[in-house]
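Q: no FASTA, just this:
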């Protein structure tokens, strides 16, 4: 045993004897540290020395001698294992558990859930509500945001995968978006690799756009591929998609919750009643199943569908059949 290590042991034992009247080192190591609050936040910055970490723990509100805690860090042989990060120390934590948490990098994690079918505006609003996220997006345009995440010139809509993302307290909201963007790249590539010969889509971006429409049109998950087939069949014969969610998206904040006949006639780049083919961008963030459905349409000849009012749809191959279904399910005739 080195002289330095021996001196540390002697110092620790002497300090414990002075503080606890002869209570042994093991008793202190496994004894809960005094805390006035149920939990305290601890930020260990990169490059911080073990002695500084010990002082930071005491400054955060843990009732411990920084000198004694530093001696424990050194005596354990794990002082160099302490990792930078944001930690949450809960009441009842012991010196042994504290060091274990710091050495393993068990950061305090939070989670934010981004929902399938949300727009990018809704994604940003959800991130803005996360008090534990560093709000670096505030005041930035969507174009600047895309530049910040390394995708300049790319439209933001549809480019982020809806999922639950965990993050350490104090992380940047831009970092969460970067993860969601990379996740969408992976999910889109995986879906595109599974496309069937029935698909008329030419590029992965086409698949992303159609998937966003399928996501917004689907009331019943089992019907995703059938709805995808309707749009594929229309694209195949040059028939307008005529889907209301694209019109609503093109209206932006002007949409008041009530889609009127005049709205269907008002031209925007996303109005699939006035313009043929797919809209220029996605209209929402599609999930995994919508992506798969976009490239794997069902094998049917349907050109129309109408909601039955119970979350499912009636599919028709002719306009006459469709009109009868509309009368039955929408007008009660």
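A: Sure thing, it's come through. Quantities reported herein were computed from a predicted structural model and do not represent experimental measurements.
Q: Break the chain into its domains for me.
A: For the chain, the structural domains run 3-104, 109-189, 196-329, going by automatic domain parsing.
Q: would you list the ones you listed in TSV and tack on mean pLDDT and mean neighbour count?
A: To be clear about C-beta, it is placed using only N, CA and C from the backbone, and glycine gets the same treatment. Formatted as TSV, these follow (pLDDT from 0 to 100; neighbours: other C-beta atoms under 10 Å):
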stretch	mean pLDDT	mean neighbour count
domain 3-104	84	16
domain 109-189	95	17
domain 196-329	95	18
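Q: for this protein, what spans make up the strands?
A: 39-44, 85-90, 109-113, 164-168, 304-307, 313-316 (DSSP state E).
Q: how long is stretch 36-48 end to end?
A: Criterion C-alpha to C-alpha, to the nearest Å; first-to-last residue distance in stretch 36-48 is 25 Å.
Q: ok now it, how far from the chain's centre?
A: Stretch 36-48 sits 25 Å away from the centroid of its parent chain (C-alpha atoms, centre = their mean, to the nearest Å).
Q: Likewise for stretch 209-229?
A: On C-alpha atoms, centre = their mean, the centre of stretch 209-229 falls 21 Å from that of its chain.
Q: got it, and stretch 109-127?
A: On C-alpha atoms, centre = their mean, the centre of stretch 109-127 falls 6 Å from the chain's centre.
Q: returning to that earlier point: may I see the strands of the chain organised as CSV, with distance to residue 231 added?
A: Listed next are the strands of the chain as CSV, based on distance: least, C-beta to C-beta, whole Å:
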stretch, distance to residue 231
strand 39-44, 49
strand 85-90, 45
strand 109-113, 28
strand 164-168, 29
strand 304-307, 10
strand 313-316, 12
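Q: Can you tell me which of those is nearest to residue 76?
A: Closest approach to residue 76 among those (C-beta to C-beta): strand 39-44, 16.2 Å.
Q: The strands of the chain: which one's closest to residue 221?
A: strand 313-316 (12.0 Å).
Q: which residues are in contact with the closest one?
A: By C-beta atoms under 8 Å, 6 or more residues apart in numbering, the residues outside strand 313-316 that reach it are 219-220, 223, 226-227, 230, 300, 302-308, 322, 325, 328-329.
Q: go on, stretch 248-259?
A: Against stretch 248-259 from outside (C-beta under 8 Å, 6+ apart): 119, 244, 247, 263, 266, 268-271, 279, 283-284.
Q: measure it end to end?
A: So stretch 248-259: terminal residues 7 Å apart, C-alpha to C-alpha.
Q: Give me the angle between the longest helix that the chain contains and strand 164-168.
A: Longest helix in the chain by number of residues (criterion: DSSP state H): helix 173-192. Between helix 173-192 and strand 164-168, the angle comes out at 150 degrees (axes from the mean of the first three to the mean of the last three C-alpha atoms, to 10 degrees).
Q: counting contacts, what elements does helix 173-192 pack onto?
A: If you count contacts as 3 or more C-beta pairs under 8 Å, 6 or more residues apart in numbering; DSSP states H and E, helix 173-192 packs onto helix 120-128, helix 142-148, strand 164-168, helix 204-217, helix 288-295.
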